[in-house]
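>>> my questions are about this predicted structure, shown below with the sequence.
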Amino acid sequence: MGLSPGLSSDRIPWVWILVAAGALLYIPFIGGVSLFDWDEINFAEISREMITTGDYLNIQINYKAFFEKPPFFFWLQVLCMKVFGINEFAARLPNAIGGILTLILLFKIGTKWIDRRFGLFWALSYMGSILPALYHKSGIIDPWFNLFIFSGIIAWVEGARTNTYKWFLVSGLLSGMAVLTKGPVGPLLIGLTVLIMRLWSKDKNYLGIKAILLFTLGNSLVAGVWFGINWLSNGPDFILAFLKYQAELLTESVAGHKGFPGYHFVVALFGIFPASLFALSGLRKRTSDEKDSEYSLRLLMIILMIVVLVLFSVVQSETNWFELQGNSPPFFCRATS
């Protein structure tokens, strides 16, 4: 059954439909269950203490300095708590909003790089996957970190594809937001992905001097503000302790997140089902009728998945949830769109 003569697909407000669908999926009942994950409990407590002390710069838990995380996600929780009260709903609402923004981003990228049908299918496959649905109803940091990482990588690739330098600055700004959300692993993920794209595609646009400088500028402008203000207010102790902890995350099992060999692949395969089934269909050679933009997106998703799986399999402590939420999104292309 086709659309009525007066209603073409171009005129359907797909973005608002996705906003409504995401809101219906992610928001209901998020305040109906007590905080139960260790991270949920501690992050909500950090945000509560920000409100009670009026100190929104320094991260504290039990009113003692907490060196593990930067402040951005807690600021989001504080805003929600000021509006809705200090409760489970407010602690989890930021991730529901982040989930809605992720759906819009996937739809926009898919539509721009391939077509509207693909964009819709991409967003809906993400929305229907298991762990994204769970994590966007949680009160942990990772969904926003993932959103900034993924959009930062997309911005860099858009700059390389179109030879438009503003996108490298945008990528740096988004990388800076990732640093403010979880730490320096943000630019590490972006950098590794871009480096492999450069080596694989042999496209010099991916790693030009101007691109690197603009990215560094954007990253420094965002992340450097909080680090700089904190340094001026408290001296170097907090920043040095924060960086020391971040380094330990990459080398030691300090967070209790170590998994068995192949853990990340197994959880990605089942955790982002059914999107993972479409992802597997993208592991193929380029066909003669595949558009450059379609191939670039598919290649990027393959590389991003490899970077995430390999990096967090090598890192001893981080059973990171990046890949679990589908931000290494489905690699399907023309054959299924």
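That came through, no problem.

>>> hmm, residue 152 and residue 105 touching each other?
No. Counting by Cβ atoms under 8 Å, residue 152 is not a contact partner of residue 105; they are 11.4 Å apart. All C-beta atoms are positioned from the backbone trio N, CA, C, and that covers glycine.

>>> when the two are compared, which one has more neighbours?
residue 152 (28 against 20; other Cβ atoms under 10 Å).

>>> surely the more buried one and residue 169 touch.
No. The pair residue 152 / residue 169 is not scored as a contact, 11.1 Å apart, by Cβ under 8 Å.

>>> ok, residue 145 - contacts?
73, 178, 181, 182, 186, 322 (Cβ atoms under 8 Å, 6 or more residues apart in numbering).

>>> now, which of the residues you listed sits nearest residue 115?
Nearest to residue 115 among the contacts of residue 145 is residue 322, at 27.3 Å by Cβ to Cβ.

>>> how about the strands in the stretch 151-300 of the chain?
Applying DSSP state E, counting those that start in this stretch to the stretch 151-300 of the chain gives no strands.

>>> okay, now the unreliable bits of it?
Within the stretch 151-300 of the chain, the set of residues satisfying pLDDT under 70 comprises 249-264.

>>> before we move on, back to that, farthest-apart pair in the contacts of residue 145, please.
73 and 322 (14.8 Å).

>>> center of this protein, which residue is that?
Against the mean C-alpha coordinate of the chain, by Cα atoms, centre = their mean, the closest residue is residue 146 at 1.3 Å.

>>> only C-alpha atoms, please: export the host helix or strand of it in CSV.
Using DSSP states H and E, residue 146 maps to helix 142-162. The C-alpha trace of helix 142-162 is given here as CSV (Å, rounded to 0.1, in the frame of the first residue of the first chain):
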residue,chain,number,x,y,z
ASP,A,142,28.8,5.4,28.3
PRO,A,143,25.9,6.4,26.1
TRP,A,144,26.9,10.0,25.9
PHE,A,145,30.6,9.1,25.6
ASN,A,146,29.7,6.9,22.7
LEU,A,147,27.6,9.6,21.0
PHE,A,148,30.5,12.1,21.1
ILE,A,149,33.0,9.5,19.9
PHE,A,150,30.8,8.3,17.0
SER,A,151,29.8,11.8,15.9
GLY,A,152,33.4,13.0,16.2
ILE,A,153,34.6,10.2,13.9
ILE,A,154,31.7,11.0,11.4
ALA,A,155,32.7,14.7,11.4
TRP,A,156,36.3,13.9,10.6
VAL,A,157,35.3,11.5,7.8
GLU,A,158,32.9,14.1,6.4
GLY,A,159,35.8,16.6,6.4
ALA,A,160,37.9,14.2,4.5
ARG,A,161,35.1,13.2,2.1
THR,A,162,34.2,16.8,1.2
